[in-house]
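Asks: Everything below, folded, please.
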Amino acid sequence: FLSHVLRLDKAAALGLASREPYRRLIRFHGKNRRLDLADACGRHLTETARLSLDVRTATELIQAHANAFDPWSALKWFQVLEKQNRDPPDIVAYNVLIRAFAVQGEHKQAESLLEKAVAAGLSPSDSTFSALLIACMKARETKRAERWLERLASVGMAHVRHYETVLIGHSQTGDLCDAT
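Replies: Numbering: from 1, shown residues only. As a prediction, this is how the structure comes out:
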């Protein structure tokens, strides 16, 4: 890690800093669940190289924390991106964060993020709703998931995998008879 940082320091000193090497290091450390090193790369990018945190690099940091089942730390990087107000979060960044909360069954946080994305003028994707349904099912909120599924169906966005997610959730809670 130190040799990479020294090279990045040298590039920054020469005014040749680029975000791509940081993204690669963040992705590498994220896959190895070395969040301390991934975060250090993010801080180095903004503090030493004096580059703003762009949406792609922030999404890598969010993904690193999501992969380590740490959605609250992922949210902190998302908020850093929002505060910069230079390169606002896109639907991909929202989806990664929504999925991070979904895996933990944090359906209220996932729904809040979906509402925030829509308020920002972004169009939720299939991945957005899949993650939201997973969040509801993990929290054993089958009725809430069914309401989301009905909303998806009403706008023609419901897919077989969405129905499967809800049915699996019903079977895990033992209320398969209630599945609509």
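Asks: contacts and neighbour counts: CA atoms only from here.
Replies: Will do.
Asks: ok, residues contacting the host helix or strand of A58?
Replies: A58 is part of helix 55-67 when elements are defined by DSSP states H and E. Outside helix 55-67, the residues that touch it by C-alpha atoms under 8 Å, 6 or more residues apart in numbering are 19, 22-23, 26-27, 29-31, 33, 35, 38-39, 42, 71, 73-75, 77-78, 81, 87-90, 92-93, 96-97, 99-100.
Asks: Mind checking the pLDDT average for the next helix or strand after it?
Replies: Once helix 55-67 ends, the next helix or strand along the chain (criterion: DSSP H and E) is helix 71-84. Rounded to a whole number, the mean pLDDT of helix 71-84 is 93.
Asks: Just the C-alphas of helix 71-84, formatted as PDB.
Replies: Output of helix 71-84 as PDB, limited to C-alpha atoms (Å, rounded to 0.1, in the frame of the first residue of the first chain):
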ATOM      1  CA  PRO A  71     -24.100   0.300   5.000                       C
ATOM      2  CA  TRP A  72     -23.700   3.100   7.600                       C
ATOM      3  CA  SER A  73     -20.100   3.700   6.600                       C
ATOM      4  CA  ALA A  74     -21.200   3.500   3.000                       C
ATOM      5  CA  LEU A  75     -23.700   6.200   3.700                       C
ATOM      6  CA  LYS A  76     -20.900   8.500   5.100                       C
ATOM      7  CA  TRP A  77     -19.100   8.400   1.700                       C
ATOM      8  CA  PHE A  78     -22.500   9.000   0.000                       C
ATOM      9  CA  GLN A  79     -23.000  12.100   2.100                       C
ATOM     10  CA  VAL A  80     -19.400  13.400   1.300                       C
ATOM     11  CA  LEU A  81     -20.400  13.100  -2.300                       C
ATOM     12  CA  GLU A  82     -23.600  15.000  -1.700                       C
ATOM     13  CA  LYS A  83     -21.900  17.800   0.300                       C
ATOM     14  CA  GLN A  84     -19.500  18.500  -2.500                       C
END
